[in-house]
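Engineer: Quick one, fold the following:
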Amino acid sequence: SMQRIGLLRNKKMQKVEAEKKSISMLLRAGKDENARIKAEHLIKDVSTMEGLEMLQQLCDLLLARFALVETEKVCDPDIKEIVCTIIWAAPRCEVQELLEVKKQLIARYGKKLGEEATEDVKDNEWLNPRVVFKLMYRRPTDVEISQCLSSVAKEHGVEWQDDVAGQMDGYNEIPTVPEMPPPDQPPGGGGGGSGGGDIPEEVRNNMPKQQYANDG
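Structural biologist: Numbers count the residues shown, from 1 in each chain. Next comes the predicted model:
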């Protein structure tokens, strides 16, 4: 599963680079509306790519703690966030092998855990909020689209600016992949707080709440 996730992420990365080049050509030609439409696809693909990287780390961590899966019939709290997040993410990331992992985890821990992992995303304390944010579809805001276009224009040497771009305070650049924690610290920290710094405030309100206890 980890190898397949890595291959899919590399494929998404190649697609992202092609999309950025296409957008830069549209901006250079003054076709801003066409560029905005393509920017929505770019934002979704970058978000998915980042989500896959986080998911790959969670799978690696589950493998490191696999003794808990083999010896405990009840899901250990130390791996429950990982297990629930993988179950939730499996049908959303185009990796067939991960669907099989989902089936095996539900067979191991029961249908109740499978239901617990997929219900009430907003208040689900066992889902990693960063992975949910990256893999759950949402329409990008106008500010995020303008931010994306500005970043692509800068990267490809295109002079471009619009009114919305001036409202971008507090947002990260779209084409970058955030630095990930060490392998022994999964995104979200297994209940220790995810930081959430790359998640806009209006989106945070729809994410699992307990992960933001330490946010300023």
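Engineer: Report the mean confidence score over stretch 75-88.
Structural biologist: The average pLDDT for stretch 75-88 rounds to 95.
Engineer: go on, stretch 54-63?
Structural biologist: 93.
Engineer: could you dump that stretch to PDB, C-alpha only?
Structural biologist: Provided in PDB are the C-alpha atoms of stretch 54-63 (Å, rounded to 0.1, in the frame of the first residue of the first chain):
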ATOM      1  CA  MET A  54       0.500  12.200   5.300                       C
ATOM      2  CA  LEU A  55      -1.400   9.000   4.700                       C
ATOM      3  CA  GLN A  56       1.800   7.300   3.600                       C
ATOM      4  CA  GLN A  57       3.400   8.200   6.900                       C
ATOM      5  CA  LEU A  58       0.400   6.900   8.800                       C
ATOM      6  CA  CYS A  59       0.600   3.600   7.000                       C
ATOM      7  CA  ASP A  60       4.300   3.400   7.800                       C
ATOM      8  CA  LEU A  61       3.600   4.100  11.500                       C
ATOM      9  CA  LEU A  62       0.900   1.500  11.600                       C
ATOM     10  CA  LEU A  63       3.400  -1.000  10.200                       C
END
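Engineer: Okay, buried residues for it please.
Structural biologist: For stretch 54-63, burial by neighbour count (16 or more other Cβ atoms under 10 Å) applies to 54-62. Yep, even glycine has a C-beta here, placed from its N, CA and C like the rest.
Engineer: Which of those fall in helices?
Structural biologist: Counting by DSSP state H, the buried residues of stretch 54-63 place 54-62 in helices.
Engineer: Give me the helix or strand of this structure that scores worst on average pLDDT.
Structural biologist: helix 201-204 (a mean of 44; mean pLDDT, DSSP states H and E).
Engineer: per-residue confidence at the most far-flung residue of the chain relative to its centre?
Structural biologist: Distance from the centre of the chain peaks at residue 29, with 31.9 Å (Cα atoms, centre = their mean). The confidence metric pLDDT takes the value 94 at residue 29.
Engineer: now swap in residue 155 and tell me
Structural biologist: The model's pLDDT for residue 155 equals 94.
Engineer: Just give me the neighbour total for it.
Structural biologist: 14 (other Cβ atoms under 10 Å).
Engineer: cool, and residue 39?
Structural biologist: The burial count for residue 39: 26, using other Cβ under 10 Å.
Engineer: Residue 86 now?
Structural biologist: Neighbour tally, residue 86, other Cβ under 10 Å: 23.
Engineer: Okay, it and residue 109: tell me how far apart.
Structural biologist: For residue 86, the distance to residue 109 (Cβ to Cβ, to the nearest Å) stands at 12 Å.
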